[in-house]
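>>> predicted model and sequence follow; I will ask about them next.
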Amino acid sequence: MESRHLLADTRRRGFAAVLSQHEKEWERFWSDTHVRTGRSDLEQVWHLTLYYAGSSQRGRYPGLFSQSIWGWNRDFQPWTYIYHWNQQQILWPLGAGNHPELMKPYLDFRHATLEAAKSTAHANSHPGALLLRRVGSQRNGPCGQ
């Protein structure tokens with residue numbers, strides 16, 4: 001339903017206005033991103049990695065650490081084991097890279113799932129919150145087991 005509203009809004013605004021907004025958002029994004037190492041190969045990796053993060057981490061939900069929005073096989077994720085540990089690795093440098101806003105979708109996701117994690121902990125006789133090894137699976141046991 002949300003996609004239909006976005007498409008209708010895009011049609012209403014017109015291609016030129018949407019493209020202009022898109023270009024301004026990327027211009028702002030890159031204006032906050034400066035690094036000088038003296039090595040063009042490192043700077044290219046830095047900018048490519050930030051492009052991946054800027055392309056996949058600005059939506060309502062966090063882009064996944066494996067494949068992100070470039071998955072070739074629909075929504076198949078070949079590796080989701082210990083999801084949070086892996087997901088956090090792509091987020092750690094974003095604050096230091098002057099793009100903490102790219103961390104927000106993941107932090108919102110974690111906050112939204114906190115009550116379920118508390119219920120899981122209670123059901124497994126653990127205090128606090130408990131994240132299981134695989135997202136959405138109750139039969140894999142708690143993290144660390």
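Ah, there it is.

>>> now the lowest-mean-pLDDT helix or strand in the chain: how far from the chain's centre is it?
In the chain, no helix or strand scores lower on mean pLDDT, DSSP states H and E than helix 83-96, which sits at a mean of 82. Relative to the mean C-alpha coordinate of its chain, helix 83-96 is positioned 9 Å out (CA atoms, centre = their mean, to the nearest Å).

>>> before we move on, what about stretch 102-121?
Using CA atoms, centre = their mean, the offset of stretch 102-121 from its chain centre is 13 Å.

>>> would you mark the buried spots in it?
102-103, 105-106, 109-110, 113, 120-121 (16 or more other CB atoms under 10 Å). From N, CA and C alone the C-beta is placed, and that goes for glycine too.

>>> Gln88 - nearest residue in space that isn't next to it in sequence?
The shortest distance from Gln88 to any non-neighbouring residue, by CB to CB, 6 or more residues apart in numbering, is to Tyr106 (7.6 Å).

>>> just confirm the one you found is within a strand.
No - read with DSSP: H, G, I helix; E, B strand; the rest coil, Tyr106 is helix and lies in no strand.
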